[in-house]
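Visitor: Please work out how this folds:
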Amino acid sequence: MDVQERNNGAVVILDVKRTDADEPPGQNLLRDRLKSLLEGGRKFILLNVADVTYVDSVLLSAIVQGYASAVRQGGMLKLLNVTPRLRKLLKITKLESVIESYDSEEAATATFPSKPT
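Guide: Next up, the predicted model:
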């Protein structure tokens with residue numbers, strides 16, 4: 001798994017790339033990165049999952065844990081460029097109605113507050 005970080009104002013955008021099953025500790029890379037951001041006070045996170053072609057319970061768990069942690073801290077975690085495979089999994093697990101997703105980075109970042117809380 002590869003996770004690249006960039007910023008757009010108060011929003012941290014994580015570009016996630018995952019194309020096959022990862023060897024540990026790569027499985028926990030996204031979870032650890034999200035935890036680190038939230039502990040550092042970065043509460044507005046957008047996960048760009050356009051390059052995620054391999055989806056399993058580890059990835060889904062990291063997304064759910066990150067979302068729950070962000071919300072508990074008064075923040076937000078949203079998804080960008082959800083692939084058909086991940087969208088199907090979100091629908092099956094009923095997370096599609098909980099975690100917001102967008103097809104445009106501009107539209108997604110506009111839904112976050114412009115300043116950190």
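
Visitor: Tell me which residue is most central in this structure.
Guide: Leu47 (3.2 Å; C-alpha atoms, centre = their mean).

Visitor: where does that residue fall, phi/psi-wise?
Guide: Per-residue torsions, Leu47: phi -100, psi 110 (degrees, to the nearest 10).

Visitor: if I pick it, what's in contact with it?
Guide: By C-beta atoms under 8 Å, 6 or more residues apart in numbering, Leu47 lies in contact with 14, 16, 63, 66, 77-80. Yep, even glycine has a C-beta here, placed from its N, CA and C like the rest.

Visitor: Turn those residues into CSV, including secondary structure.
Guide: Listed next are the contacts of Leu47 as CSV, based on DSSP: H, G, I helix; E, B strand; the rest coil:
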residue, secondary structure
Leu14, strand
Val16, strand
Ile63, helix
Gly66, helix
Leu77, strand
Lys78, strand
Leu79, strand
Leu80, strand
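
Visitor: The protein: helices as residue ranges?
Guide: For the chain, the helices defined by DSSP state H occupy 29-39, 57-72, 84-92, 105-109.

Visitor: Include distance to Glu5, mean pLDDT and mean neighbour count when you put those helices into a markdown table, please.
Guide: Listed next are those as a markdown table, based on distance: least, C-beta to C-beta, whole Å; pLDDT from 0 to 100; neighbours: other C-beta atoms under 10 Å:
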| stretch | distance to Glu5 | mean pLDDT | mean neighbour count |
| --- | --- | --- | --- |
| helix 29-39 | 7 | 94 | 18 |
| helix 57-72 | 13 | 94 | 17 |
| helix 84-92 | 20 | 94 | 14 |
| helix 105-109 | 14 | 97 | 15 |
